[in-house]
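kindly generate the corresponding structure for this input.
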Amino acid sequence: MQIEHTVHIAADMETVWSIFTDLTCWKEWSTVLGDSSSEHSTLTEGKRFKFCLRPFALPVHVEPVVEEVIPGKRIIWSGEKYGIHARHEFIFNESNRIVQVLSREIFTAGLIRGILFQFSKGKLHQLSIKMLNELKEAAEKA
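Next up, the predicted model:
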């Protein structure tokens, strides 16, 4: 299963990148990625970080590993929870002080879990849209 969404942000790359990668300020702009923490204050390649999602009533605590950080270009993290593997890629492009952020999430699971997981695709897509819109709002106010 794949979920993709793009947002256009009227801000410079430095602002967008700083807000997105600084884990210490996620609580100030994101209602989707709650309770974030890490040994490092920023998303750091090769390191784990923690956050909590609430796709439904119960929280889902996630602890992905940051696979790749290319400043101003791309961040990839991945993790596994309840037998479902998730890989989340964020691609950043800037043109004329407009930053485009593409979020691409790819989920894989066994047959039964995969079938059951399909029911939450709409909710996960809504959360992705909400997170990107919150990033947009925070960066455009900065």
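
what are the ranges of the strands in the protein?
Ranges of strands in the chain, per DSSP state E, are 2-9, 34-37, 50-53, 60-62, 65-70, 74-81, 84-95, 98-109.

tabulate the ones you listed in CSV, adding columns for mean pLDDT and distance to Ile129.
Every C-beta, even on glycine, is put in place using the N, C-alpha and C of the backbone. Output for those, formatted as CSV (pLDDT from 0 to 100; distance: least, Cβ to Cβ, whole Å):
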stretch, mean pLDDT, distance to Ile129
strand 2-9, 96, 5
strand 34-37, 77, 17
strand 50-53, 88, 14
strand 60-62, 86, 18
strand 65-70, 98, 22
strand 74-81, 95, 18
strand 84-95, 95, 14
strand 98-109, 94, 9
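
possible to save the ones you listed as TSV with mean neighbour count and distance to Thr24?
As requested, those are exported to TSV (neighbours: other Cβ atoms under 10 Å; distance: least, Cβ to Cβ, whole Å):
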stretch	mean neighbour count	distance to Thr24
strand 2-9	16	20
strand 34-37	14	8
strand 50-53	16	13
strand 60-62	14	18
strand 65-70	15	15
strand 74-81	17	16
strand 84-95	16	18
strand 98-109	18	20
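
among the ones you listed, which is nearest Val16?
Val16 lies closest to strand 98-109 among those, at 4.5 Å (Cβ to Cβ).

which one of the strands of the chain lies nearest to Trp17?
Once the strands of the chain are compared by Cβ to Cβ, strand 84-95 is nearest, at 6.7 Å.
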